[in-house]
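> give me a 3D structure for the following:
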Amino acid sequence: MRDFFAMLFVGVAALCAFCVVAFGLNYFGLISLGFFAPKYEQVRRTTFEQSQAYVEGQRRDIQNLRMDWLDATGDRKAAIRSVALQRIAGLPEAAMSPEVIQFRAELTGPNQ
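Residues are numbered from 1 along each chain as shown. Reported below is the predicted structural model:
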């Protein structure tokens, strides 16, 4: 009978030790994720921003803003100008089409 309780005690202690180790490893995983996740996200975002689909989408969006800007007057034109300049600033110089460069020149020209 004494051996039974000793074995039961060892089994419960082993189960508790296993739970503590599992909790500790999980906690270490959360700390590790908190450290590495921003780095993974930055690489993912940089890769996305360099993709052709993103660049083409930005160019198309800027072209749409140009069309709206040409049709707008007054405060609406100023608002579109502000948004367009922000979008153009986010586009790498090497990815700018001649139309985008011309539009940027129109927005930053002496008449604006």
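
> leaving out the residues flanking it, which one is nearest to Arg59?
In space, and not counting its chain neighbours, Arg59 is closest to Ser97: 5.6 Å by Cβ to Cβ, 6 or more residues apart in numbering. (C-beta placed from N, C-alpha, C; glycine too.)

> longest helix anywhere in the protein?
If you go by DSSP state H, the chain has its longest helix at helix 2-49.

> just how off-centre is it within its chain?
From the chain centre to the centre of helix 2-49 is a distance of 27 Å (Cα atoms, centre = their mean, to the nearest Å).

> C-terminal to that helix, what's the next element?
Using DSSP states H and E, the next helix or strand after helix 2-49 towards the C-terminus is helix 52-71.

> which strands or helices does the helix or strand following that following helix pack on?
Scanning forward in sequence from helix 52-71 by DSSP H and E, the next helix or strand is helix 74-89. Counting by 3 or more Cβ pairs under 8 Å, 6 or more residues apart in numbering; DSSP states H and E, the packing neighbours recorded for helix 74-89 are helix 52-71, helix 98-108.

> of all these, which lies closest to Pro92?
Proximity to Pro92 (Cβ to Cβ) singles out helix 52-71 among the helices and strands packed on helix 74-89, at 7.8 Å.

> quick one: Met96 and Phe23, what's the gap?
The spacing between Met96 and Phe23, counted by Cβ to Cβ, to the nearest Å, is 53 Å.

> between the two, which is the more surrounded one?
Set side by side, Met96 and Phe23 give different neighbour counts by other Cβ atoms under 10 Å, the larger being at Met96 (18 against 10).
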